[in-house]
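>>> The sequence and its predicted three-dimensional model are supplied below.
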Amino acid sequence: MNSAKSNTELFRPRITPTPERLAGKVALVTGGARGIGKAIALRFAQERADVCIVDKDLSEAEQTAHEVENLDVHAIALQADVTDRGAVERVVRESAESMGSIDILVNNAGIIVFGSLMDCDIEDWNRMIAVDLTGAFHFTQFVGRCMIEQGHGGRMIHIGSTASVLPTAQQSAYSVAKAGLMMMSRCAALELVGYNITSNLLCPQGAVTDINRELLRDESIMSALEANIPAKRLATVEEIAGAAAFLASDEAAYITGTELMHDGGCIISALWWR
């Protein structure tokens, strides 16, 4: 992008964490090394939660864990490919043993494969479902069992998308995976509510992350995207992290099985996908 600032930069809000809101809690964040996952890990740490960073890239996960510990909480980094069920079971067990418990799960790890339904390659389709849906299932199941055994409840936050509820052009496999994640979140909510475990889907419309950073350096693309969002800007990762912190807190104890749209008005207007 040239020297002109996008609306996202111009209207960046000032985020103020709620001190001590998550004190005494342990959060496990998948895909936590960078992007939205990293922002969530740091926000949780600012609110006094200890954090386990799970990521495919151990080096980046360790760097994020170091940044978290600079906020005077405990953090560990664990490596796992979310599609590897054995690896997921291992890191959940190691996290619970090292940190003492798992009180919050954030299913954030994900990828996006662009393309239409008619042109989607079967390998891309399978990879999309494996990472964005089945990977989240692995963590939901193993962490859910852990939370039940602990006996003091918990919070599950699954990072969906506006594509969870509306089909998105050139994102067919992504839309299907995120729609499946929505239903899985609802099923978890129904099954786990009796254990004081909540499950909710957080649905951002978008933010500048490593997935799209290079694309959005093109001012014309960023301007066109912002123009079709009623709020006229993308979210920041810090805003998304703030919504996650609310869902992880006791303030959200009676909220389960729902979808929190974090979309600047996109769903209500449906302008962006027409």
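Done, it's in.
>>> outside of the one helix or strand Arg127 maps to, which residues touch it?
Applying DSSP states H and E as the criterion places Arg127 in helix 122-129. With C-beta atoms under 8 Å, 6 or more residues apart in numbering as the test, helix 122-129 has contacts from 111-113, 115, 173-174, 176-177, 180. The C-beta positions use only the backbone N, C-alpha and C, and glycine is treated the same way.
>>> could you redo the last one with a cut-off of 10 Å?
Applying C-beta atoms under 10 Å, 6 or more residues apart in numbering, the contact partners of helix 122-129 are 83, 110-115, 117, 120-121, 134-135, 171-178, 180.
>>> From those, list the buried ones, please.
83, 110-113, 115, 120, 134-135, 171-178, 180 (16 or more other C-beta atoms under 10 Å).
>>> out of those, which are inside helices?
Within the buried ones among the contacts of helix 122-129, residues falling in helices by DSSP state H are 135, 172-178, 180.
>>> So which of these is the closest to Leu201?
Nearest to Leu201 among those: Lys178, at 8.7 Å, using C-beta to C-beta.
>>> residue contacts, that closest one?
Each residue near Lys178 by C-beta under 10 Å, 6+ apart is listed here: 110, 112, 128, 132-133, 136, 158-165, 168, 171, 201, 203.
>>> Output the below-cut-off pLDDT ranges for this structure.
1-5, 7-12, 211-215, 264, 270-274 (pLDDT under 70).
>>> at 50 instead, please
1-3, 271-274 (pLDDT under 50).
>>> And the helices in it, which stretches?
7-10, 35-46, 58-69, 85-99, 122-129, 135-150, 172-192, 219-227, 237-248, 266-269.
>>> Just say which of the ones you listed is most tucked in.
helix 35-46 (a mean of 26; mean count of other C-beta atoms under 10 Å).
>>> if I pick the closest residue to Gln205 other than its chain neighbours, what's in contact with it?
The shortest distance from Gln205 to any non-neighbouring residue, by C-beta to C-beta, 6 or more residues apart in numbering, is to Asp263 (3.7 Å). Taking C-beta under 10 Å, 6+ apart, we find Asp263 in contact with 161-162, 165-166, 203-206, 229-231, 235, 269, 272.
>>> Repeat that for Val237.
Neighbouring residues of Val237 by C-beta under 10 Å, 6+ apart: 34-40, 42-43, 204, 207-209.
>>> Apply 6 Å and report the result again.
Residues in contact with Val237 (C-beta atoms under 6 Å, 6 or more residues apart in numbering) are 36, 39, 207.
>>> List the contacts of the closest residue to it other than its chain neighbours.
Among residues not flanking Val237 along the chain, Ala39 sits closest, at 3.8 Å (C-beta to C-beta, 6+ apart). Applying C-beta under 6 Å, 6+ apart to Ala39 gives the contacts 237-238, 241.
>>> Extract the C-alpha trace of stretch 188-199 and format it as PDB.
Extracted as PDB, the C-alpha positions of stretch 188-199 are listed here (Å, rounded to 0.1, in the frame of the first residue of the first chain):
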ATOM      1  CA  ALA A 188     -20.600 -29.300  22.300                       C
ATOM      2  CA  ALA A 189     -22.800 -26.600  24.000                       C
ATOM      3  CA  LEU A 190     -25.700 -29.000  24.300                       C
ATOM      4  CA  GLU A 191     -23.700 -31.900  25.600                       C
ATOM      5  CA  LEU A 192     -21.500 -30.000  28.000                       C
ATOM      6  CA  VAL A 193     -23.800 -27.400  29.500                       C
ATOM      7  CA  GLY A 194     -24.600 -29.800  32.400                       C
ATOM      8  CA  TYR A 195     -20.900 -29.700  33.300                       C
ATOM      9  CA  ASN A 196     -20.800 -25.900  33.400                       C
ATOM     10  CA  ILE A 197     -18.800 -25.900  30.200                       C
ATOM     11  CA  THR A 198     -19.800 -23.300  27.600                       C
ATOM     12  CA  SER A 199     -19.200 -23.500  23.900                       C
END
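>>> And it, how far out from the chain middle?
19 Å (C-alpha atoms, centre = their mean, to the nearest Å).
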